[in-house]
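Enquirer: Below are the sequence and a predicted model; questions follow.
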Amino acid sequence: MSREQQAVARARKAFETGRSKSVEHRIRQLKNLQRLFTEKQSVISAAVKKDLNKSEVGTQLYETLGLEGELNTAINHLKEWAAPRPVEKNLLTISDTVYIKPEPLGVVLIIGAWNYPWAVTIQPLIGAIAAGNAAVIKPSEVCVHTAKVMEDLLPLYIDKELYPVVTGGVPETQELLRQRFDHIFYTGNSVVGKLIMEAAAKNLTPVTLELGGKSPCYIDKNCDLTIACRRVAWGKYTNCGQTCIAPDYILCEPSIQDRVIEEVKKAIKEFYTDNPKTCPDYGRIINQRHFKRIMNMLEGSTVAAGGDNEESDCYIAPTVLRDVKPEAKVMQEEIFGPLLPILSVSGLDEAIKFINKGEKPLALYCFSSDNKVINRMTDETSSGGFLANDCLVHFSVGSLPFGGVGNSGMGCYHGKYSFDQLSHLRSCLIKKLNMEGVNSMRYPPHTPKKLGWARFFILNSVDLGWVGRMALLAVMAVVAAVVLQTTSVPFKEKSNVHFKPFHQGDSEPIRSASHRTAVSAQWCYQSQYSCDDTCRDPIRWAAQFPSCGGLRQSPINIVSTKVHVNSALPPFNFIGHTNTINITVENKGHSAHFALPQSFRLTGGALPGHYRAAQFHFHWGGNGRPGSEHTIDGEQFPMELHIVHIKEPYGSLAEAEHDMAGIALLAFLFEESSDDNPHLDSLIASLGRVKNNGSSTVIPNFRLSDIIPSDKDLFSYYRYVGSMTTPGCEQAVAWTLFHRTLPISSRQLDAITQQCRFWTGQPMTDIFRPTQPLDGRVVYRSKAGAALGGVMHWWVGVSSVLLGRTGLIH
Ligand SMILES: NC(=O)c1ccc[n+]([C@@H]2O[C@H](COP(=O)([O-])OP(=O)(O)OC[C@H]3O[C@@H](n4cnc5c(N)ncnc54)[C@H](O)[C@@H]3O)[C@@H](O)[C@H]2O)c1
Ligand SMILES: CCCCCCCCCCCCCCCCCC=O
């Protein structure tokens, strides 16, 4: 068995153990990579310096900083990415659970290139690990020193069976390509890209090809040429032009060519001094083969700036070429070096024509102050990425898919795109064995009438709240009956539609005890799901609790730039919150609830009435993971406190659930502090006494005002209408999320998350529901100094918008 075969076989065996699939394992591996970049930065930089003469700062700026960002994103979002994704349903599948389940592909081969050896090799690896795959890593042999460092260091930090490094050149890569993989992720030139695809085709292995090509740069005469040329010079000469997305050549009108040359020259001097050769920020060509290749391209072109070179040092100065013709040697292939040809075009039309004659590029740059020019360039061309008035930086935006199109590649990655690219997005539809009558429309004998019903059910998608869904289930039952009656298909089983009361929640003490037992045996948080296949994880709550699939669900992500500032949101009045009392805490199986006396009251805050306190509880993560339910601009916080109040005169959630603001929930996010928050100590200690489901204890001398800020510090908050965050997800909640966060130390967080157990006996961690779609709701933000006058008016406004949207009025 060859070394390559052995590595692949070992990786597959390790994958088959299943360990790469556990989210915890993935996060641990990603954290280990984080540690590698912290602990070994100097070793990494020294190798890159030897390979490409990049400075230590340059390596950090262009390679490892981006990787750190990718690692942070993957670690923070992995749970959300890996969770099942609910999808829109048609009427036929309305009562089914329909979702996408991302699953690992298997063993991925990652073939890296030499120009940004860490960025282009480790970034796909982050995606492969995050998606739960094993990966064989083949660094480019061209960057000799870096390949060796990768081979030495990676096994010290990450699981070496699952993620082996195989070094070597073309023969070794070819031997790898003879093995069977579940995905091949290749970065390099298009010629080899085709060979990779050919090899992959033998096993129908999917490929991602991150290739290159000539990325054009159009400079419109209507723009600030100094700024444009500085940005182009940066994009071109960074890493000595050996960047896949470097602007390959400039297209501009002849009238501005001289100015462009002058401005590029100025920028070269500004960045790399009069003598780039001695400038620590100017790199070298990777080897003499590439040096010769680049120097050959100069043939037949006029040098307007630069041109100095020294073969023994692999040095080529930043160079500008003027009046270059399309037939010139330098225009026949990707330059991948520090030569910047300028070609004349008569204007935008000709530039677009010229670009469209070539292969679709990896990047396309357009510099102009005129939006019409920018819009025409995007509308009338195609490329992997498009940037107006800048170069390269799209590579650093993790929310943008990075990749080529046509000859510049296929597939994309970065951030969540890497995860998706290296996952199989499995379609899942879970149906029950009842409601067989509805299916009769698809069974033979086929009739025009059945076709009519099938058209109705298949061609209509649904976005109804629970009320609509209930009504529709009723319609479906009738249809089933009608279809049954009018066909001769014999059915042994009766179509049966259950109208469960939709408020089967567990928000004790305001939900009933009988509900509690029935429900807690069935629903669970995502963290419990894998160990108990009978429980419903959040994605499937709606199958049993229709309201959980409604249009006003909580929690939500609050996008701070999209909230509406509202001056009719005044401060709150708390009554009784400073009283010292004894409170009972009980492990409810999904969380621990701290009961509050009804004498604690709440008014103000634009709430439409007076509210009585019921209980408070926390949502937390585990083992360093955040656990808040609400997120702000995508950020999840370590923990969240919910204080539940019921509107007067209701006595329970069942009574309050038909009132859109029947419950007032006050939410506080926690932020990690270096010191302990002493007010939490008694609560933490009490959790240690209620480890198991159903156990309870008393906390003496408790004051709610000790754990929350005083009224005067609570004038600033977000408000929206939503739901309870546990089944039955009753849409009866006026949510208030305060800006002011509460402190908690990491020691305290650990103590909280490690003490209690779920009703299933597993450690009670990650007790939060994922954020839900806003579905057109508006989030309001209070404005200090607001008056009470507009409160009712505000609520009337909010209610009519919501009811109108769900079609319940009009
Ligand atoms: N799109 C991107 O993200 C991206 C990033 C970097 C580089 N690139 C492109 O890559 C090119 C430069 O890289 P390169 O190709 O010189 O890198 P390279 O020479 O390092 O080759 C890339 C990988 O292909 C392997 N390889 C080379 N020849 C092979 C063969 N015949 N059979 C099998 N494997 C083989 C090498 O071992 C190496 O691991 C440029 O075109 C550049 O634009 C693209
Ligand atoms: C405060 C200012 C910080 C500026 C940071 C700018 C970083 C820009 C990052 C550009 C990244 C370019 C890397 C290109 C790698 C491309 C891989 C292909 O060859």
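Expert: Yep, it's here. Ligands and ions are numbered 1, 2, ... in the order given.
Enquirer: Nearest residue to residue 80 in space, please, no chain neighbours.
Expert: Distances taken as Cβ to Cβ, 6 or more residues apart in numbering place residue 770 nearest to residue 80, at 6.3 Å, with adjacent residues excluded. Using the backbone N, CA and C atoms, a C-beta is placed for each residue, glycine as well.
Enquirer: after the helix-or-strand element of the chain with minimal mean pLDDT comes which helix or strand?
Expert: Every helix and strand in the chain was compared by mean pLDDT, DSSP states H and E; the lowest is helix 513-520, with a mean of 35. Going down the chain from helix 513-520, the next helix or strand is helix 526-529, by DSSP states H and E.
Enquirer: Packing partners of that next one?
Expert: Contacts defined by 3 or more Cβ pairs under 8 Å, 6 or more residues apart in numbering; DSSP states H and E place helix 526-529 against no helix or strand at all.
Enquirer: Using CSV, write down the CA coordinates of it.
Expert: Taking Å, rounded to 0.1, in the frame of the first residue of the first chain, the C-alpha atoms of helix 526-529 are listed here in CSV:
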residue,chain,number,x,y,z
GLN,A,526,-31.4,20.2,20.2
SER,A,527,-28.6,19.2,22.6
GLN,A,528,-30.7,16.3,23.9
TYR,A,529,-32.0,15.1,20.6
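Enquirer: Mean confidence (pLDDT) on the helix or strand where residue 126 lies, please.
Expert: Assigned by DSSP H and E, residue 126 belongs to helix 117-130. Regarding helix 117-130, the rounded mean pLDDT is 98.
Enquirer: is ligand 2 contacted by that helix?
Expert: Yes: Helix 117-130 lies within reach of ligand 2 by Cβ under 6 Å from any ligand atom, at 119, 120.
Enquirer: Start at 285, not 1
Expert: That works, and once the first residue is 285, the last one we named lands at helix 401-414.
Enquirer: Which SSE is immediately downstream of that helix?
Expert: According to DSSP H and E, the helix or strand after helix 401-414 is strand 418-422.
Enquirer: List every C-alpha atom in that next one, with coordinates, as CSV.
Expert: This file holds the C-alpha atoms of strand 418-422, laid out as CSV (Å, rounded to 0.1, in the frame of the first residue of the first chain):
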residue,chain,number,x,y,z
ALA,A,418,-12.5,13.6,7.4
ALA,A,419,-10.0,15.4,5.2
VAL,A,420,-6.7,14.5,3.6
ILE,A,421,-4.6,17.7,3.2
LYS,A,422,-2.1,18.0,0.3
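Enquirer: okay, the angle between that strand and helix 401-414?
Expert: Our comparison of strand 418-422 with helix 401-414, counting by axes from the mean of the first three to the mean of the last three Cα atoms, to 10 degrees, yields an angle of 170 degrees.
Enquirer: what helices or strands is strand 418-422 leaning on?
Expert: Right, strand 418-422 is packed against helix 287-300, strand 391-395, helix 401-414, helix 454-461 by 3+ Cβ pairs under 8 Å, 6+ apart.
Enquirer: Would you mind getting the angle between it and helix 454-461?
Expert: For strand 418-422 against helix 454-461, the angle by the same axes, to 10 degrees is 160 degrees.
Enquirer: residues making contact with strand 418-422?
Expert: Under the contact criterion Cβ atoms under 8 Å, 6 or more residues apart in numbering, strand 418-422 has outside partners 291-292, 295-296, 298-299, 304, 390-396, 405, 408-409, 412-413, 434, 438, 446-452, 456-457, 460, 465.
Enquirer: Stretch 306-318 now?
Expert: With Cβ under 8 Å, 6+ apart as the test, stretch 306-318 has contacts from 303-304, 351-352, 355-356, 358-359, 362-363, 366, 406, 409-410, 413-414, 416, 441-443, 446-447, 907, 909.
Enquirer: ok, now with 7 Å
Expert: The contact list for stretch 306-318 (Cβ atoms under 7 Å, 6 or more residues apart in numbering) reads 303, 352, 355, 358-359, 362-363, 366, 410, 413-414, 416, 441-443.
Enquirer: what do you get for stretch 556-574?
Expert: Stretch 556-574 has contacts (Cβ under 7 Å, 6+ apart) with 335-339, 342, 398, 426-427, 523-524, 526, 555, 575, 578, 595, 597-602, 621.
Enquirer: Now do it: distance to the chain's middle.
Expert: 38 Å (Cα atoms, centre = their mean, to the nearest Å).
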